[in-house]
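Engineer: sequence plus the predicted model coming up.
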Amino acid sequence: MHSTGSLSATRCLVVLLWLVSCTLAVAQSTGGRILGRVADQTGAVLAGVNITLLNEATGVSRTGQTNSGGDYTFVEVQPASYTLSFEQKGFKTKIQRGVTVEVNQVVTLNTNMQIGQAKETVEVTSEAPLVDTTSTQLGAVINDRSITQLPLNQRDTYQFLSLQPGVQSQVGADLYYGGNSTGSVSVNGGRGRANNFSVNGGDANDMFVNLPTVQPSPDSVQEFRVLTNNFDAEYGRNSGSVVNVVTKSGTNHLHGNAYEFHRNRPLNAKGYFDTSKPAFIQNQFGGTLGGPIQKDRTFFFGSYEGRRLVRGFSGDVVAVPDTLERQGNFSEGPTFTGFIGDQTVADVLNTRANGQCASDVSAARGTAPAAGVAYADIFPGNVIPASCQDPVAVDLLRFVPEANRNGLPSYQRQAEFQCLLLFLRPEYV
């Protein structure tokens, strides 16, 4: 009979295996494949040829053999540059260098071996085929050279989506100006929210709006591929495109970079309605670092990016009193219109400042305030004596800003805000 402890351990093991299998099921492949056929100089296929696949950057290798038909296959090959060596008794060792595998790419590499001693070596530098005849997937690859050297406003990697055939922005200029709808593009006329995003094979979709949630910095991206049509069943989540991003990894050599992008007011332009150049000071800085932990076995890679932004906004243009109008002198404007509607208003003016208003009106040869009298007659020349002005209104006038537009009685406010964004992106080891 099994003990209770053994039974519990068995159950835990079954549950653990089930969870692992579920995790693997939702992951999407980023690796490619290398396949081909090995034959001799006469074209006869060779079985049992020992093949070694070596990652040139990390030194990690895999081995395989050709089958009875001379065919071989390496699956789940991570994007990198590889060296393949073919060894068979009675034949010269064949070494093929520089075999580049891109994300989700199928590389067909057929080779011929020459009769001779195994210690003799034939070296060939490989070039990728121009046409992939083994896969129906349609798409293009953007490598790290394009990502780091092409102009990239706001350092948004997903802006490169618009370089692919059949891809069109759905949000106008916002896509190219760091808008909040990053990655919202229409592929072959599909909906902007019908695309599928993954980073290093993991799901990177916002389930609410179906836009990318993980956006690696451009310096940490090795390459990404946009599949626009006929993609494999493993990408069957959405009907649009598949955007598969692969980040860089560590190698046997220490490598990295540091950068800063700066923008300030002297580099900006003034808007047509702006009284001055709005503030726009931006610093984007960061770096990457990768290398070996244990040579040919374990590696590390990480990236960091920060962004400091000071940005100004011009408010609406509003009319404000000029210097003379603040003193009650409106002589530069049109003649006053209207008249006193009732005697109550006239009595307020006559008694204001203990009767000083009525005296100042008389001294200016104006008509005494009374019901039905026009304001133009009470205040000749559109000049209102200080004693006739409402003291509350005069006190509130100090909160009205002075005109700041050249020669115009108008004001435009310049507002600024500051923000600090920091991104720490450790990558897979």
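Structural biologist: Structure received.
Engineer: ok, the residue lying closest to residue 209 once chain neighbours are set aside - how many residues close by?
Structural biologist: Distances taken as CB to CB, 6 or more residues apart in numbering place residue 193 nearest to residue 209, at 6.5 Å, with adjacent residues excluded. Where you see a C-beta, it was placed from the backbone N, CA and C, and this is true even at glycine. Residues near residue 193, counting by other CB atoms under 10 Å, number 18.
Engineer: how about low-confidence regions in the stretch 301-429 of the chain?
Structural biologist: 407, 414-429 (pLDDT under 70).
Engineer: hey, where'd the helices end up in it?
Structural biologist: 323-326, 343-351, 356-363, 375-378, 391-396 (DSSP state H, counting those that start in this stretch).
Engineer: nearest to residue 334, out of these?
Structural biologist: helix 375-378 (10.0 Å; CB to CB).
Engineer: for the closest one, buried residues please.
Structural biologist: Judged by neighbour count (16 or more other CB atoms under 10 Å), helix 375-378 contains these buried residues: 375-376, 378.
Engineer: now do the same contact list for the residue lying closest to residue 120 once chain neighbours are set aside.
Structural biologist: The shortest distance from residue 120 to any non-neighbouring residue, by CB to CB, 6+ apart, is to residue 92 (4.2 Å). Taking CB atoms under 8 Å, 6 or more residues apart in numbering, we find residue 92 in contact with 113-118, 120-122.
Engineer: need the pLDDT of the most centrally placed residue in the chain.
Structural biologist: In the chain, the residue lying closest to the centroid (CA atoms, centre = their mean) is residue 156, at 2.9 Å. Confidence at residue 156, expressed as pLDDT, is 79.
Engineer: wait, it touches residue 217, no?
Structural biologist: No. The criterion here is CB atoms under 8 Å, and residue 156 misses it with residue 217 at 9.8 Å.
Engineer: in contact with the closest residue to residue 67 other than its chain neighbours, which residues?
Structural biologist: In space, and not counting its chain neighbours, residue 67 is closest to residue 47: 6.5 Å by CB to CB, 6+ apart. Residue 47 is in contact with 66-70, counting by CB under 8 Å, 6+ apart.
Engineer: what packs against the longest strand seen in the chain?
Structural biologist: The residue-count maximum for a strand in the chain (DSSP state E) belongs to strand 298-319. For strand 298-319, the elements it packs on are strand 280-294, strand 410-426, judged by 3 or more CB pairs under 8 Å, 6 or more residues apart in numbering; DSSP states H and E.
Engineer: rerun that using 10 Å as the cut-off
Structural biologist: strand 255-263, strand 280-294, strand 410-426 (3 or more CB pairs under 10 Å, 6 or more residues apart in numbering; DSSP states H and E).
Engineer: so which bits of it are buried?
Structural biologist: Buried residues in strand 298-319, counted by 16+ other CB under 10 Å: 299, 301-305, 307, 312, 314.
Engineer: again, but for stretch 338-346
Structural biologist: 340, 346.
Engineer: can you say which of the contacts of residue 47 are buried?
Structural biologist: Here, 16+ other CB under 10 Å leaves 66, 70 buried among the contacts of residue 47.
Engineer: bridged to residue 34, which residues?
Structural biologist: Assessed by DSSP bridges, residue 34 has beta-bridge partners residue 74, residue 107.
Engineer: now for it: which residues touch it?
Structural biologist: By CB atoms under 10 Å, 6 or more residues apart in numbering, the contact list for residue 34 reads 51, 53, 62, 64, 72-75, 77, 82, 84, 99, 101, 105-109.
Engineer: quick check: ChimeraX command selecting the buried ones in the residues you listed.
Structural biologist: A single ChimeraX command selects the buried members of those (16+ other CB under 10 Å):
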select :51,53,64,72,74,77,82,84,99,101,105,106,107,108,109
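Engineer: hmm, which two among the buried residues of strand 298-319 are most spread apart?
Structural biologist: Across the buried residues of strand 298-319 (CB to CB), the longest gap, 50.2 Å, separates 299 and 314.
Engineer: quickly list the domain ranges of this structure.
Structural biologist: 31-125, 136-247, 323-400 (automatic domain parsing).
Engineer: ok, so what distance separates the closest residue to residue 75 other than its chain neighbours from residue 77?
Structural biologist: Nearest residue to residue 75, sequence neighbours excluded (CB to CB, 6+ apart): residue 33, at 5.4 Å. Residue 33 sits 6 Å away from residue 77, taking CB to CB, to the nearest Å as the criterion.
Engineer: hmm, which two among the contacts of residue 92 are most spread apart?
Structural biologist: Top of the distance list for these (CB to CB): 115 and 121, 14.0 Å.
Engineer: tell me the pLDDT at the spatially closest residue to residue 116 that is not a sequence neighbour?
Structural biologist: Using CB to CB, 6+ apart and skipping residues adjacent in sequence, the residue nearest residue 116 is residue 92, 4.0 Å away. According to the prediction, residue 92 has pLDDT 88.
Engineer: same thing with residue 294?
Structural biologist: pLDDT recorded at residue 294 is 87.
Engineer: hang on, the earlier thing: check what pLDDT the residue nearest to residue 67 gets.
Structural biologist: 92.
Engineer: that one belongs to a helix, doesn't it?
Structural biologist: No. Using DSSP: H, G, I helix; E, B strand; the rest coil, the secondary structure at residue 47 is coil, not a helix.
Engineer: what about it, distance to residue 342?
Structural biologist: 115 Å.
Engineer: again, but for residue 105
Structural biologist: 89 Å.
Engineer: any idea what the closest residue to residue 304 other than its chain neighbours is bridged to?
Structural biologist: In space, and not counting its chain neighbours, residue 304 is closest to residue 286: 4.9 Å by CB to CB, 6+ apart. Under DSSP bridges, the beta-bridge partners of residue 286 are residue 259, residue 305.
Engineer: surely residue 286 meets residue 220?
Structural biologist: Yes. The pair residue 286 / residue 220 is scored as a contact, 9.2 Å apart, by CB atoms under 10 Å.
Engineer: if we can go back for a sec, select only the buried ones of the contacts of residue 92 in PyMOL?
Structural biologist: Of the contacts of residue 92, the buried ones go into a single PyMOL selection, burial set by 16+ other CB under 10 Å:
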select buried, resi 113+122
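Engineer: show me the contacts of residue 92 that map onto strands.
Structural biologist: Per DSSP E, these map to strands at 113, 121-122.
Engineer: is it correct that the residue nearest to the centre of the chain is in contact with residue 218?
Structural biologist: Yes. Residue 156 is within contact range of residue 218, at 8.3 Å (criterion: CB under 10 Å).
Engineer: all set now, cheers.
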